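Visitor: predicted model and sequence follow; I will ask about them next.
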Amino acid sequence: MQLSGKSAIITGAGFGIGRAVAVEFAREGAFIVITDRNQPGVEETAHLVRTEVPDARVCVLSGDLLDAGLALHLVELCLSESGRVDILVNNAADQTVATLARETDEHWERVITVNVTAMMRLARAAEPHLKSGAAIVNMSSLTGNVALPGRLAYNTSKTAIIGLTRALAVELGPRNIRANAILPGHIMSVGEEVWKERISERDQKIFPTTYALYRVGHPREVARAAVFLASEEASFITGHCLAVDGGGGILNPEEAIFRTAALFDGGTPTATPDSDDWKPNATGN
Ligand SMILES: NC(=O)c1ccc[n+]([C@@H]2O[C@H](COP(=O)([O-])OP(=O)(O)OC[C@H]3O[C@@H](n4cnc5c(N)ncnc54)[C@H](O)[C@@H]3O)[C@@H](O)[C@H]2O)c1
């Protein structure tokens, strides 16, 4: 077990990726404090963890990350129940969207507070208690590097998380405390069945075309990356942005366009040249 004897605080654990992180951390032997503003959701996660891992040690503290005091409460709970804090998984996010024209100061501040400031607050609250070997894992996104339109605050927050992660890594590195970010691609956080119900058949075919692996991801695939980055297996990795995106961040857009076009007009399914006309020896070059 990779996290045996470690204590972790996991935010946004009432749903999707955070729920999967809670299960995987418990499987790996960690004591976990899980939190979310969605109380039924986080209680359900605790139930799932106890079902999947009968000897799991799990504590729930529901709360809103807009509340500046939540970070201290989480750290106090983790300390009082386990005597230590070793790992922070800053996973919660406000994914509400607004175009520039519709953006309000109130919405902007809310997204930045939940997605970025709350990560800093938890790190700040935990910092005096973190010992050599501790690790921080921050959930950024593929959109931290490549933006989607109409999500100004979200895109900005996910890029800021990359900067925050590097700053934490540099500041805490001399104490052998690591900080890394995960950049997930499109993940079926609602579960594959519900995802297929919610996404049109057309879009279910389009989404995978932008990923090298030609598919979207599962929450557990992100959770396993979080286990790795939090564990001793990643002892010399810090300030890193780990893409868990099926190659969504490295696929040349030309390929995605060919794949998508092929879906609809039966054309060439790849940008890879395969006709003799394209071969160097056919043109003499
Ligand atoms: N699902 C994806 O395709 C995807 C892709 C890239 C990055 N991510 C990132 O992964 C993380 C998890 O994503 P997800 O899709 O599994 O879930 P999500 O982003 O929809 O929500 C995660 C949890 O955060 C909680 N949350 C939101 N606002 C909160 C607040 N103010 N206080 C406390 N809790 C709050 C929600 O209740 C929810 O349970 C997020 O950081 C997200 O940005 C997800």
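Guide: Alright, I've got the coordinates. Numbering: from 1, shown residues only.

Visitor: helix, strand or coil for Ile182?
Guide: Secondary structure assignment for Ile182 (DSSP: H, G, I helix; E, B strand; the rest coil): strand.

Visitor: need the contact list for it.
Guide: 137-140, 222, 225-226, 229, 241-242, 244 (CB atoms under 8 Å, 6 or more residues apart in numbering). No exception for glycine: its C-beta is placed from N, CA and C like everyone else's.

Visitor: which one of these is nearest the ligand?
Guide: Of all the contacts of Ile182, the ligand sits closest to Met139, with 3.8 Å by CB to the nearest ligand atom.

Visitor: report the separation between that closest one and Trp195.
Guide: 19 Å (CB to CB, to the nearest Å).

Visitor: more crowded one of these two?
Guide: Using other CB atoms under 10 Å as the criterion, Met139 and Trp195 rank with Met139 on top: 26 against 17.

Visitor: and Thr104, what pLDDT?
Guide: pLDDT, Thr104: 98.

Visitor: check Pro280 too.
Guide: 55.

Visitor: Thr268 now?
Guide: 74.

Visitor: where's the residue lying closest to it once chain neighbours are set aside, which helix or strand?
Guide: Leaving aside its chain neighbours, Thr268 sits nearest to Phe258 (5.8 Å; criterion: CB to CB, 6 or more residues apart in numbering). Here Phe258 sits within helix 253-265, counting by DSSP states H and E.

Visitor: next one: that helix to chain centre, how far?
Guide: Offset of helix 253-265 from its chain centre (CA atoms, centre = their mean, to the nearest Å): 28 Å.

Visitor: check which helices and strands it is in contact with.
Guide: Counting by 3 or more CB pairs under 8 Å, 6 or more residues apart in numbering; DSSP states H and E, the packing neighbours recorded for helix 253-265 are helix 201-206.

Visitor: could you export the helix it packs on as PDB, CA atoms only?
Guide: Taking Å, rounded to 0.1, in the frame of the first residue of the first chain, the C-alpha atoms of helix 201-206 are listed here in PDB:
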ATOM      1  CA  GLU A 201     -24.500  10.400 -29.800                       C
ATOM      2  CA  ARG A 202     -22.900  12.900 -32.200                       C
ATOM      3  CA  ASP A 203     -20.900  14.500 -29.400                       C
ATOM      4  CA  GLN A 204     -20.000  11.200 -27.900                       C
ATOM      5  CA  LYS A 205     -18.200  10.500 -31.300                       C
ATOM      6  CA  ILE A 206     -16.600  13.900 -31.500                       C
END
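
Visitor: what comes up buried for it?
Guide: Ile206 (16 or more other CB atoms under 10 Å).

Visitor: elements contacting whatever helix or strand Asn155 lives in?
Guide: Using DSSP H and E, Asn155 maps to helix 152-172. Judged by 3+ CB pairs under 8 Å, 6+ apart, helix 152-172 is in contact with helix 105-112, helix 118-126, strand 135-139, strand 178-184.

Visitor: in JSON lines, list the ones you listed along with distance to Thr272.
Guide: Shown next, in JSON lines, are those (distance: least, CB to CB, whole Å):
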{"stretch": "helix 105-112", "distance to Thr272": "40"}
{"stretch": "helix 118-126", "distance to Thr272": "41"}
{"stretch": "strand 135-139", "distance to Thr272": "34"}
{"stretch": "strand 178-184", "distance to Thr272": "26"}
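
Visitor: and Ile237, which of these is closest to it?
Guide: Shortest distance between Ile237 and those, using CB to CB, is found for strand 178-184: 6.2 Å.

Visitor: nice, that's everything, thank you.
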